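K.L.:
Below: sequence and its predicted model.
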Amino acid sequence: MAVPENVANLVRSPWIERHRKLAYSCVALTGLATMMLLTVANRDNWSVDFNQFYVAGSLAGTGHLYDWNTVRALELQRTNATPFIRLPVFAVAMKAFSALPYSLARVLFLCLEIAALLGFIALWPFSKRTFAFAAVCWSVPVAMCLAFGQDSVLFLFFAALGLWLLLRGEDFWAGLALSMCAAKPHLALLIPVVLVAKSRYRSLLGGVTGGVVLVVASFASEGPLWPNNYWALTSLPDFDPGPDRMPNLRGLLTFLGGSLSLEAALATGVIATVWFLSRRVPMKSAMALALAGGLQVGHHAFAYDALLLLPALLLTFEEPFPEWLRLWAFVLLTPIPYVLLLTNIGFLGHLIVTGYTLALLLAAVRLTNEYKSLDVAV
């Protein structure tokens with residue numbers, strides 16, 4: 001049934017467009033207010049991750065970066081102690097902040113995180129950026145990152161920058177940008193899968209080049225023994241607390257016996273599915289699925305890392321996915337699943353968070369015939 005011309009003109013009118021943006025703005029402001037209230041209610045954990053980065057910057061190049069006794073003593077001067085589990089080169093990058101007074105450094109790092117989020121919204125090829133902005137404002141994982149001083153927002157920015165460069169044919173530079181995701185390599189495991197599936201070998205070369213530079217700089221900073229010291233650090237109980245609250249396959253399976261073999265089998269299925277889809281769907285869709293899948297197979301993640309689901313959540317509103325999956329995505333754009341994840345009803349939270357990625361992958365397999373060959377080429 002054809003839409004009457006006068007109705008179509010009304011829908012396209014500037015008046016409707018202005019008020020649609022106003023509605024999104026109101027939703028965004030409401031989300032910001034809600035996240036601020038949740039953040040204030042959990043003030044005990046403020047800056048816990050920035051504290052470890054600040055201390056790591058001060059210890060970079062001293063040989064004590066992974067000396068837990070030294071790190072713990074310095075971190076406890078301000079807040080809870082958390083092991084630094086990044087490559088030494090990322091501690092070197094924090095030296096500029098550690099050279100400043102703590103309060104000033106914290107404010108500047110918060111500004112960097114906000115800039116990274118705005119960069120993500122600007123660079124990721126969303127069809128409706130105002131909707132994406134409103135979704136970010138309502139995101140509990142984003143609020144946690146900003147409150148804790150987590151660097152997952154920087155991971156998301158470099159993933160978006162890499163995708164932006166890939167879509168412009170700047171494959172080598174895209175690989176260099178994506179190599180910065182090595183700050184959390186376990187969450188970036190499926191990005192190379194997409195690049196190989198798409199035959200974007202120059203981007204792989206860029207990624208390897210960036211990775212070599214990061215490793216060489218790490219050895220130059222911390223000396224030849226840092227891998228041994230790092231490995232010893234990973235055996236500490238503080239390194240891997242609360243697996244039952246991790247928003248991934250591992251977290252879900254802790255409620256079902258915690259089988260490592262079952263986790264490996266499911267992770268293999270996720271990797272194979274992302275490979276299959278990456279050969280058939282547009283690059284934007286493949287990268288969104290890779291980030292969501294990487295969160296699930298990475299084995300080690302926390303609630304704030306679930307911000308990597310944002311591209312996959314918004315994907316369902318841009319592609320011909322079924323309405324039930326969009327409703328599921330909408331629930332994940334509210335605080336409800338993450339509150340459940342961190343409470344005694346954690347299993348339900350896991351079903352919502354992890355179940356969404358698995359359902360999205362299965363739904364995408366059913367929709368592969370909807371994509372045009374011209375789209376797949378990009």
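P.N.:
Done, it's in.

K.L.:
Please verify my assumption that residue 98 contacts residue 62.
P.N.:
No: with contact defined as C-beta atoms under 8 Å, residue 98 does not reach residue 62; the gap is 11.6 Å. For the C-beta atoms, the positions are set from N, CA and C on the backbone; glycine is no exception.

K.L.:
Which of the two has more residues huddled nearby?
P.N.:
With neighbours defined as other C-beta atoms under 10 Å, residue 98 and residue 62 compare such that residue 98 has more, 17 against 13.

K.L.:
and that one, what does it touch?
P.N.:
By C-beta atoms under 8 Å, 6 or more residues apart in numbering, the residues touching residue 98 are 54-58, 60, 105.

K.L.:
again, but for residue 236
P.N.:
Residue 236 is in contact with 68, 83, counting by C-beta under 8 Å, 6+ apart.

K.L.:
again, only using 10 Å
P.N.:
Residues counted as contacts of residue 236 (C-beta atoms under 10 Å, 6 or more residues apart in numbering) are 68, 72, 83, 85.

K.L.:
where does it land on pLDDT?
P.N.:
Looking at residue 236, its pLDDT is 72.

K.L.:
Give me the residue at the spatial middle of the protein.
P.N.:
What sits nearest the mean C-alpha location of the chain, by C-alpha atoms, centre = their mean, is residue 308, with 2.8 Å.

K.L.:
from the contacts of residue 98, which two are the most distant?
P.N.:
The span of the contacts of residue 98, defined through C-beta to C-beta, is set by 60 and 105 at 14.2 Å.

K.L.:
Of these two, which one has the most company?
P.N.:
residue 60 (23 against 20).

K.L.:
hang on, the earlier thing: and the contacts of residue 236, which two are the farthest apart?
P.N.:
72 and 85 (13.7 Å).

K.L.:
Secondary structure element holding residue 38?
P.N.:
Assigned by DSSP states H and E, residue 38 belongs to helix 14-41.

K.L.:
joint contacts of residue 98 and residue 62?
P.N.:
Contacts common to residue 98 and residue 62, judged by C-beta under 10 Å, 6+ apart, are residue 91.

K.L.:
With adjacent residues omitted, what lies nearest to the residue nearest to the centre of the chain?
P.N.:
Among residues not flanking residue 308 along the chain, residue 291 sits closest, at 4.5 Å (C-beta to C-beta, 6 or more residues apart in numbering).

K.L.:
for that neighbour, phi and psi?
P.N.:
phi -70, psi -40 (degrees, to the nearest 10).

K.L.:
show me what contacts it?
P.N.:
Counted by C-beta under 10 Å, 6+ apart, residue 291 has contacts 155-156, 159-160, 163, 181, 187-188, 190-191, 194, 274, 307-312, 357.

K.L.:
try residue 354
P.N.:
246-253, 266, 292, 295-296, 306, 337, 341.

K.L.:
Let's see that with 8 Å instead.
P.N.:
Residue 354 neighbours (C-beta under 8 Å, 6+ apart): 247-249, 251-252, 296.

K.L.:
okay, those in TSV with neighbour count next?
P.N.:
TSV is the format used below for the contacts of residue 354 (neighbours: other C-beta atoms under 10 Å):
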residue	neighbour count
247	29
248	27
249	26
251	27
252	24
296	30
